[in-house]
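Student: Quick one: sequence and predicted model below, then my questions.
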Amino acid sequence: MAPPLLVFDFDGVLVDGMAEYWWSARGAALALRPERQLSPIAPPGFSRLRPLIHKGWEMVLAALELSRPELDLEAYLGDYPGHIHAALERWQLQPHQLQERLEQLRREAIRQDPQAWLALHRPYPGVPERLAALAAEGSDWLVLTTKGGAFARQLLKAYGLQPLAVYGHEQGSKPEVLLRLAAEQPQPLWFVEDRRPTLEAVRQTPGLDAVRCFLVSWGYLGPGDAEQLPAGIQLLQPRQFAQPLADWP
């Protein structure tokens with residue numbers, strides 16, 4: 001059997017960037033609404049919202065929402081899609097405006113002080129070593145992320161990691177990219193992600209039935225995300241991740 005092509009999500013799987021998420025989300029939010037009050041220290045509500053956030057622009061919107069003293073966080077957590085829609089109306093902003101401001105801020109940060117920006121991230125323990133060892137097992141790997149591809153490449157380069165390719169949000173949704181890869185690549189696809197709804201969307205996409213899906217236990221999981229997983233999604237623990245691919249669940 002041909003070795004698998006491993007497709008890794010980036011944030012929450014390879015790299016913990018929580019400090020950078022708040023730094024950039026706060027900076028972009030203040031650039032759009034300088035009159036708001038936002039602490040340089042991430043509020044606990046941001047960490048609770050992070051497992052629900054899918055795209056970068058949502059982080060900026062979350063920062064703006066957290067500047068509202070009257071915010072009902074429990075209601076937000078209970079109906080995240082509905083509150084995101086209402087927040088766009090409240091702030092009179094569009095996703096592309098939020099995304100462009102976020103990426104502009106990141107580009108400027110990298111231009112001015114790349115080491116300071118890189119220092120806001122850290123690879124998860126053992127991850128760089130495990131990725132480097134994949135070559136010895138005859139398996140290629142690539143990155144599929146909702147982050148801008150250029151920013152993911154910058155971080156991978158800093159860690160000395162060279163994936164086969166990096167697909168950022170510019171290339172389309174994760175199911176769309178996986179469908180293209182399935183059509184182009186002869187080997188089996190294994191998709192490693194920390195966001196359960198994304199994996200569920202992959203499982204429900206016609207043409208992706210053969211993709212093996214793994215939910216990592218060390219990512220930005222929400223309460224109950226690792227429980228009662230549907231068929232076709234396996235929980236991946238650090239000790240299993242470190243083992244040969246043949247021993248993965």
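Tutor: Arrived safely, thanks for sending.

Student: list the contacts for Cys213?
Tutor: Under the criterion of C-beta atoms under 8 Å, 6 or more residues apart in numbering, the contact partners of Cys213 comprise Phe191, Glu193, Leu199, Val202, Arg203, Gly232, Ile233, Gln234. Just so you know, the C-beta spots here come from the backbone N, C-alpha and C atoms, and that holds for glycine as well.

Student: Run through the bridge partners of it.
Tutor: Here Cys213 sits in beta bridges with Phe191, Ile233, going by DSSP bridges.

Student: just so I have it, where are all the helices in the protein?
Tutor: Listed in chain order, the helices of the chain (DSSP state H) span 18-32, 44-49, 56-66, 73-78, 80-91, 95-112, 114-118, 127-133, 149-158, 174-184, 196-203, 238-241.

Student: in the last one, what's buried?
Tutor: If you call a residue buried by 16 or more other C-beta atoms under 10 Å, then helix 238-241 has these buried ones: Phe241.

Student: quick one: contacts of that helix?
Tutor: Counting by C-beta under 8 Å, 6+ apart, the neighbours of helix 238-241 from elsewhere in the structure are Pro125, Gly126, Arg130, Val216, Ser217, Trp218, Asp247, Trp248, Pro249.

Student: Can you tell me how far the nearest residue to the first one once chain neighbours are set aside is from Gly17?
Tutor: Nearest residue to Pro125, sequence neighbours excluded (C-beta to C-beta, 6 or more residues apart in numbering): Pro238, at 7.7 Å. Counting by C-beta to C-beta, to the nearest Å, the separation of Pro238 from Gly17 is 18 Å.

Student: how much space between the closest residue in space to Leu5 that isn't next to it in sequence and Asp247?
Tutor: Closest residue to Leu5 in three dimensions, ignoring its sequence neighbours and counting by C-beta to C-beta, 6+ apart: Gln187, at 4.9 Å. According to C-beta to C-beta, Gln187 stands 19 Å off from Asp247.

Student: so can I have TSV of the helices of the chain showing distance to Asp225 and mean pLDDT?
Tutor: Output for the helices of the chain, formatted as TSV (distance: least, C-beta to C-beta, whole Å; pLDDT from 0 to 100):
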stretch	distance to Asp225	mean pLDDT
helix 18-32	17	97
helix 44-49	13	94
helix 56-66	17	97
helix 73-78	13	93
helix 80-91	13	96
helix 95-112	24	96
helix 114-118	29	94
helix 127-133	20	94
helix 149-158	23	94
helix 174-184	17	96
helix 196-203	5	96
helix 238-241	16	97
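
Student: Could you check these and tell me which one is nearest Tyr167?
Tutor: Closest to Tyr167 of those, according to C-beta to C-beta: helix 174-184, at 5.0 Å.

Student: what's around Phe10, how many residues?
Tutor: Burial of Phe10 is recorded as 24 neighbouring residues (other C-beta atoms under 10 Å).

Student: I'd like to know how far the residue lying closest to it once chain neighbours are set aside sits from Ala119.
Tutor: Leaving aside its sequence neighbours, Phe10 sits nearest to Thr145 (C-beta to C-beta, 6+ apart; 3.7 Å). In this view, Thr145 and Ala119 are 20 Å apart by C-beta to C-beta.
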